[in-house]
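Undergrad: got a sequence here, can you model it:
(one chain, ligands or ions: 3)
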Amino acid sequence: MLAAIERIGRDRRTGGYRRFAWNDADMELREWFAGEAAARGMACEEDGNGNQVAWLGAGASGGEGASGGEGADALLLGSHLDSVPDGGAYDGPLGVVSSFAALDQLRRDGFVPSRPIAVACFADEEGARFGVACAGSRLAAGTLAPEKALALTDVDGCTLAEVMRARGRDPRRVGRSAWLDRVGAFVELHVEQGRALVHSGDAVGVATAIWPHGRWRLDFSGRADHAGTTPMEDRRDPMPAYAATVVAATARAVDAQARATFGRVVVEPGGANAVPSRVSGWLDARAPDDGALARLIDTVLVDARAAAAQARVGLGVTVESASPAVGFDTALRERLAAVLAAPSLPTGAGHDAGVLSRVVPTAMLFVRNPTGVSHSPDEHADDADCAAGVDALATVVRELA
Ligand code: GLV
Ligand code: MN
Ligand code: MN
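TA: Numbering: from 1, shown residues only. Ligands and ions are numbered 1, 2, ... in the order given. Down below sits the predicted model:
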C-alpha cells in the first residue's frame, strides 16, 4: 500500500512530499483511501470537514449523521495522509496502511470482531496549508469553531471555505461530526519521531503523553528603504529584530529543556537591495508541561519586544494554534503495553490522537524509526518494523474488539 501511494505528491527535486489539504495530491489520496475501503467491503463516508471514515461490517452507517443509535461502541483506527512541506513517506500514511493491513490479517485468520471497527483518514493533520494543525480532528471533536476554520487562509490568500467549495465540498457542513459519537476508543499507529525505541531495542512502543505545543506568528513591521543609501542608524529594519529573537528563543529553549523552532519566515517585499518592511516568523514551541511552555513563550516574547524596541519596529503576535499537554487514557495504554509487552514513551509531536483523547479513550502505538528523523524526506522505518507494527495493531484489535 505504501508503494501504491509512493509517487503521489512527491517532489522530484527533494524526494519529499507536498500533500497539503485539498491540493491535487490530497484529492488523489482521498480517492486511494476510498478505493482501499471499497476493496475491503468497507462503507466509506466523508464528513463535512473532509475526514474520511471507512466502516467495517456492522459499523457502516452509509452517511454522516446516520448513526443508527448503536451507541459509542466502535473501535477507531487510522491516522492521516497529508504531509508537512517536504515530509516523509511514513508520518501519517504508516498509520493508515497499517490499519487496513491489520484488518486484512485478522480477516485471513477468521477473526470476527465483537464491535464495529472503522479506519479514519483525518483531514489536514499537519496544518501545512492553513496553519492550524489537526484541523480535521479538531472540527470533528468540536474543539475548533467552524467559522474560525473557514476563514483561515493559505499563502495565496484563499480561504478554507473557498478551497473546499472549489473541491465540491459544502462549507456549511463543517463542524462537529456525528460519526464520532459512535466511537468508543481510538488507536493511532504512527512512526516514532525520535529514537527512544532504538535505545530500548523495541520495534513497537505505546505512547504515554504528548508535550503541549503551539504556533505563534510574530510580525515585525518596519519601513522599507534603500539598502545602499539608508545609513544604518536611520533604518527601521525588522530583520535584525527578528534575527535576535530567533537566537534568543533558541537559547531560552535550551535552558528550559524545551523546543523552539522558526521553520517558516516571510520577508516583505523580499528584495535583496531593500530594507524589508516586514518580517513574519512562525515560532513552533513545545515543552514538557503546560507551565514550562507558558514560561518559555513569556520569556521569548519579552526578548522579541526588547529586540523590536531596539530596532524601532512594531511587533504583532498571533496565536495560530495551541495544544495543551495530553496524557493518554491510563487504563487503555497500560492494557496495550501489557498485551504487547511494549515499552511506554512520551512524544513531542502533535497528533489527531491528542485531539480525540479529549473526547474518547485514546492510545497510540509507535513504530521504531532508526534515525529518529521525521518531517523530512529522510524519514524511515524498516519493513520488518512496519510489519511488527501491523502485528501489534492486529493484537490490539483482538484485545479490544
Ligand atoms: C505534527 O506532526 C506536529 O507535531 O507538528
Ligand atoms: Mn507530522
Ligand atoms: Mn503525523
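Undergrad: who in this protein is up against ligand 3?
TA: Within the chain, the positions near ligand 3 by C-beta under 5 Å from the ion are Asp91, Gly92. (Glycine included, C-beta is placed from N, CA and C.)
Undergrad: name the residue most distant from the centre of the chain?
TA: Residue farthest from the centre of the chain, counting by C-alpha atoms, centre = their mean, is Thr229 at 45.8 Å.
Undergrad: tell me which residues touch it, please.
TA: Neighbour list for Thr229: empty [criterion: C-beta atoms under 8 Å, 6 or more residues apart in numbering].
Undergrad: the one 5 residues further on too?
TA: With contact taken as C-beta under 8 Å, 6+ apart, Asp234 is in contact with Asp225.
Undergrad: check the gap between it and Ala394 for me.
TA: For Asp234, the distance to Ala394 equals 68 Å [C-beta to C-beta, to the nearest Å].
Undergrad: with Pro85 instead?
TA: For Pro85 relative to Ala394 (C-beta to C-beta), the value is 33 Å.
Undergrad: try Arg215
TA: Computed as C-beta to C-beta, the Arg215 to Ala394 distance reads 36 Å.
Undergrad: same deal with Leu340?
TA: Using C-beta to C-beta, Leu340 is found at 11 Å from Ala394.
Undergrad: Asp124 now?
TA: 28 Å.
Undergrad: Asp289 too?
TA: Distance from Asp289 to Ala394, by C-beta to C-beta: 34 Å.
Undergrad: the two: who's more crowded?
TA: Neighbours of Asp289 and Ala394, each counted by other C-beta atoms under 10 Å, are more numerous for Ala394; the result is 20 against 14.
Undergrad: can I assume Gln193 is in contact with Arg368?
TA: No: using C-beta atoms under 8 Å, Gln193 makes no contact with Arg368, being 11.2 Å away.
Undergrad: need the strands for the stretch 151-300 of the chain, in chain order.
TA: With strands called from DSSP state E, counting those that start in this stretch, the stretch 151-300 of the chain shows them at 183-191, 204-210, 213-221, 225-226, 259-268, 274-275, 278-286.
Undergrad: out of those, indicate the one that is most buried.
TA: Highest mean neighbour count of the strands of the stretch 151-300 of the chain: strand 183-191, a mean of 25 (counted as mean count of other C-beta atoms under 10 Å).
Undergrad: that one - contacts with which helices or strands?
TA: Contact analysis of strand 183-191 by 3 or more C-beta pairs under 8 Å, 6 or more residues apart in numbering; DSSP states H and E lists strand 74-80, helix 93-108, helix 352-356, strand 362-367, helix 383-400 as its packing neighbours.
Undergrad: what parts of the stretch 201-350 of the chain come near ligand 1?
TA: By C-beta under 6 Å from any ligand atom, the residues of the stretch 201-350 of the chain that approach ligand 1 are Ala349, Gly350.
Undergrad: 8 Å - rerun?
TA: His213, Asp284, Arg286, Gly348, Ala349, Gly350 (C-beta under 8 Å from any ligand atom).
Undergrad: what about the chain, any weak spots by pLDDT?
TA: Within the chain, the segments meeting pLDDT under 70 span 58-70.
Undergrad: care to break it down by domain?
TA: Per automatic domain parsing, the domain ranges recorded for the chain read 3-211+326-400, 213-323.
Undergrad: which of those domains sits most buried?
TA: When those are compared using mean count of other C-beta under 10 Å, domain 3-211+326-400 is most buried, at a mean of 20.
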